[in-house]
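[1] Fold the following for me, if possible:
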Amino acid sequence: MKADSLAKSHADKNAKTFWSNVARVSCKKATAHVNRIGDCTGENEICDMWKDHFKTLYNSVPDYGARAACEHKCLLTVQDDNRRYTVSVYDVIDVVSKQSKGKSAGPNGLFMESFIYACPELFVHLS
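    Numbering: from 1, shown residues only. From the prediction side, this is the model:
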């Protein structure tokens, strides 16, 4: 019966009723935050786990000088429509640090926190 009322309010495009019904039937004891992933418990351990994961991922292949070449290219000027733009790693870091947290994922399914808490190697890739 609960699922039927949720489906009806969704089909009727009545957002207020839909979310009201969701709140009523949802588990009140559920936590909004994950507190355990694998062997990691707590916010700090989980953050460290992801940090180490991405650090290993970005350092899993020897770069044979690609990092220096990439950083050099990041500082070069890109010409587009007779305008000149320069995007440095520091520009990317500055823009990402100003983004809002706690928003829904973008069309690609990524949350802004994935970028905000990322390691510096990601900013090199983005720039």
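
[2] Now do the lengthiest helix in the chain: distance to the chain's middle.
    Ordering each helix of the chain by length in residues (DSSP state H) puts helix 43-58 first. Here the centre of mass of C-alpha atoms in helix 43-58, compared against the chain's by C-alpha atoms, centre = their mean, to the nearest Å, lies 14 Å away.

[3] Give me the contacts around that helix.
    Among residues not part of helix 43-58, those counted as contacts by C-beta atoms under 8 Å, 6 or more residues apart in numbering are 33-38, 40, 117-119, 121-122, 125. Glycine gets a C-beta too; all of them are placed from N, C-alpha and C.

[4] Packing partners of the helix or strand that that helix is followed by?
    Using DSSP states H and E, the next helix or strand after helix 43-58 towards the C-terminus is helix 66-75. Secondary-structure packing of helix 66-75 (3 or more C-beta pairs under 8 Å, 6 or more residues apart in numbering; DSSP states H and E): helix 120-126.

[5] Many thanks, have a good one.
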